[in-house]
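Novice: With the sequence up front, the predicted model follows.
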Amino acid sequence: MDIKKSLTVRDNFLVAYLRQVKEELIKVSWPTRHEVTRLSWIVILTSLLVGLVVGGFDYIFTKLMGFLIG
């Protein structure tokens, strides 16, 4: 009997938690598709730019170290 009671208490907590999650998700100010697309492109292009800069420095320092050592 205690097992059934503990399961129903646990289920009640789960149901209450999921209801609260749903209520909070309704309150969220979701971005528009246009905003998501624009910001995604900004992230992609920034990542590519940073990757190119880091790769360029790596290439330059590799050549410089090869010149100094070898």
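Specialist: Nice, thanks for sending it over.

Novice: Give me the helix or strand of the chain that scores worst on average pLDDT.
Specialist: Using mean pLDDT, DSSP states H and E, the weakest-scoring helix or strand in the chain turns out to be helix 2-27, at a mean of 81.

Novice: how far out from the middle of the chain is it?
Specialist: 27 Å (CA atoms, centre = their mean, to the nearest Å).

Novice: Next one: residue 34 relative to residue 45, how far apart?
Specialist: 17 Å (CB to CB, to the nearest Å). C-beta: built from backbone N, CA, C; applies to glycine.

Novice: domains in this protein, as residue ranges please.
Specialist: Split into domains by automatic domain parsing, the chain comes to 1-30, 32-70.

Novice: can you pull the buried residues of whichever strand or helix holds residue 36?
Specialist: Per DSSP states H and E: residue 36 is located in helix 33-69. Neighbour counts using 16 or more other CB atoms under 10 Å place no residue of helix 33-69 among the buried ones.

Novice: What's the mean pLDDT across that helix?
Specialist: Averaged over helix 33-69, pLDDT sits at 98.
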